[in-house]
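**Student:** Below is the sequence, then the predicted model.
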Amino acid sequence: MVELFPFFEYWWFYLGFIGLVLLLLAIDLGIFHKHAHAVSFREAASWTIVWISLALLFNVLLYQYAMWKFPRDPRLIAIPGFDPGGAAWRVSLEFLTGYVIEKSLSVDNIFVFVMVFSYFAIPLKYQHRVLFYGILGAIIFRAIFVAMGAALMQYHMVVIFFGVFLIFTGIKFIVAKEKSPDPGRNLLVRLLRFAFPVTKDLQGPKFIIRENGRLFVTPLLVALVFLEATDIVFAVDSVPAIFAFTKEPLIVFTSNIFAILGLRALYFMLAGAVEKFYLLRYGLGAVLVFVGLKMAWFNSYFDGGFPIVVSLAVIAVLIGLSIGLSLLFPRSDTNVPADKSIEGSTSNKAKPSDDFAASNTVSRPTIRVLRKVVALYLLLLGAGLILGAAFNYGF
């Protein structure tokens, strides 16, 4: 399959996109979050809508650009049977699919965020700062992983390997007993503590301080290092999963970054209720199994490309069902707070879940109604997507 966006022709696009991302992050931290404060549910929900809207706007602009560029590209027009309109539409669907996959899988990271911030007793007002710098690191590592993936995915055996890897990862999501990772045993965290002394208490928003001519790191930096290590492990699953739907590194990179940009706002919106989505990990596991099967098997039966509309419908249904069923049949022990031991802090006994509960109180009847409405909407949406895909492809 011909590459639509070769790097040697679209290097300027990558540079422009990275510049846009840095500008958005600068506006976010320099203007809207210049002063440390606890992010409310309303503010987080507003930012979630903003980031999703920006991603969808980028998708529309990418489609319009492809519609304009492809018919004028001599390299593409010279290919027998090349359809510029169909290629532009496929690019748009591939970006949307990659964004949905990355966004869905990143929800699982919210569980880790809640645990880490509780473990290191990071107050709510400093959590945005940690996540902001975590995003910068994630962008760098995603660029590295996408570049490596673009080189490796040219070999069929590598594609099969990653397909099988995703299948086993998805099965592990489904059958393995859920347990929280221990930040204190993480190799990078242990190396950091070995190289530098760690302060017992937080030092405001500072990551590093100097006392008596000696450098100390704060629990804020330790939490940041652990989150970066977690994101690297997470990228091993998510980047190959998007390469299952597109061979375009530009689409993989941009869809990844847009999903990451909205992760902070999504965390502050859902952290107080993340335990309610107890079936989500099963939906994510099923998505990974489906993606792995697509890479290792399905694509070979559809001339190298399983229908993208069907793929998007399957993913939406699996995620929608896991969320909808979690809301329709809530787990009885979701309100039991997890008592995490806090290492390295004696005076900052911050509990993120308590802060969210205090600032985002909604009446129980309202929550029950919202649960049922959202669940029914997701079920109907998923059914509609499957039926639409079935009629379009004659299944």
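**Tutor:** Structure's in. What do you need?

**Student:** nearest spatial neighbour of residue 70, skipping sequence neighbours?
**Tutor:** Distance criterion CB to CB, 6 or more residues apart in numbering; nearest residue to residue 70, sequence neighbours excluded, is residue 84 at 3.7 Å. Heads up, the C-betas are built off the backbone N, CA and C, glycines and all.

**Student:** Verify the stated contact: residue 89 with residue 63.
**Tutor:** Yes - counting by CB atoms under 8 Å, residue 63 is a contact partner of residue 89 at 7.2 Å.

**Student:** Pull up the gap between residue 110 and residue 19, please.
**Tutor:** Here residue 110 is placed at a distance of 28 Å from residue 19 (CB to CB, to the nearest Å).

**Student:** the more surrounded of the two?
**Tutor:** The neighbour count for residue 110 versus residue 19, taken as other CB atoms under 10 Å, is higher for residue 110 (19 against 10).

**Student:** That one reaches residue 268, doesn't it?
**Tutor:** No - using CB under 8 Å, residue 110 is not in contact with residue 268; the gap is 9.6 Å.

**Student:** Helices of this protein, start to end?
**Tutor:** For the chain, the helices defined by DSSP state H cover 7-27, 41-69, 74-77, 84-119, 124-152, 156-175, 187-195, 219-243, 249-261, 263-270, 280-296, 308-328, 352-359, 364-393.

**Student:** Comparing those helices by mean pLDDT, which bottoms out?
**Tutor:** Sorting these by mean pLDDT places helix 352-359 lowest, at a mean of 46.

**Student:** circling back: how about the helices of the chain in TSV, adding distance to residue 205?
**Tutor:** Output for those, formatted as TSV (distance: least, CB to CB, whole Å):
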stretch	distance to residue 205
helix 7-27	17
helix 41-69	18
helix 74-77	50
helix 84-119	14
helix 124-152	5
helix 156-175	35
helix 187-195	18
helix 219-243	7
helix 249-261	21
helix 263-270	16
helix 280-296	32
helix 308-328	34
helix 352-359	16
helix 364-393	33
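
**Student:** Mind checking the ones you listed for the one nearest to residue 203?
**Tutor:** helix 219-243 (7.8 Å; CB to CB).

**Student:** Output the contacting helices and strands for that closest one.
**Tutor:** helix 84-119, helix 124-152, helix 156-175, helix 187-195, helix 249-261, helix 280-296 (3 or more CB pairs under 8 Å, 6 or more residues apart in numbering; DSSP states H and E).

**Student:** so how far is that helix from its chain's centroid?
**Tutor:** 10 Å (CA atoms, centre = their mean, to the nearest Å).

**Student:** Also stretch 240-251?
**Tutor:** Centroid separation between stretch 240-251 and its chain, computed with CA atoms, centre = their mean, is 15 Å.

**Student:** Okay, now that stretch: how far is its last residue from its first?
**Tutor:** 13 Å (CA to CA, to the nearest Å).

**Student:** neighbours around the residue nearest to residue 59 when sequence neighbours are not counted, how many?
**Tutor:** Nearest in space to residue 59, with sequence neighbours left out and distances taken as CB to CB, 6+ apart, is residue 95 at 5.1 Å. Residue 95: 26 surrounding residues under other CB under 10 Å.

**Student:** Against residue 246, how distant is the residue nearest to residue 70?
**Tutor:** 17 Å.

**Student:** who has more neighbours, those two?
**Tutor:** residue 246 (22 against 17).

**Student:** and of the helices of the chain, who's closest to residue 206?
**Tutor:** Comparison of the helices of the chain against residue 206 by CB to CB identifies helix 219-243 as nearest, at 7.0 Å.

**Student:** Give me the angle between that closest one and helix 187-195.
**Tutor:** Counting by axes from the mean of the first three to the mean of the last three CA atoms, to 10 degrees, helix 219-243 lies at 150 degrees to helix 187-195.

**Student:** in helix 219-243, what counts as buried?
**Tutor:** Buried residues in helix 219-243, counted by 16 or more other CB atoms under 10 Å: 219-231, 234-235, 237-243.

**Student:** nearest residue to the spatially most central residue of the chain other than its sequence neighbours?
**Tutor:** Geometric centre of the chain, nearest residue: residue 106, 3.0 Å, by CA atoms, centre = their mean. In space, and not counting its chain neighbours, residue 106 is closest to residue 263: 5.1 Å by CB to CB, 6+ apart.

**Student:** Wait, the one you found touches residue 104, no?
**Tutor:** No - counting by CB under 8 Å, residue 263 sits too far from residue 104 to count as a contact (11.6 Å).

**Student:** phi, psi of residue 297?
**Tutor:** phi -140, psi -60 (degrees, to the nearest 10).

**Student:** give me every residue that touches it.
**Tutor:** residue 163 (CB atoms under 8 Å, 6 or more residues apart in numbering).

**Student:** Could you report the distance from it to residue 131?
**Tutor:** When residue 297 is compared with residue 131 (using CB to CB), they lie 37 Å apart.

**Student:** ok, residue 259 - how many residues close by?
**Tutor:** Neighbour tally, residue 259, other CB under 10 Å: 25.

**Student:** thought it was touching residue 107?
**Tutor:** No - contact between residue 259 and residue 107 fails when scored by CB under 8 Å: they sit 10.1 Å apart.

**Student:** and residue 92, what does it touch?
**Tutor:** 59, 60, 62, 63, 66.

**Student:** out of these, which are buried?
**Tutor:** Buried by 16+ other CB under 10 Å: 59, 62, 63, 66, out of the contacts of residue 92.
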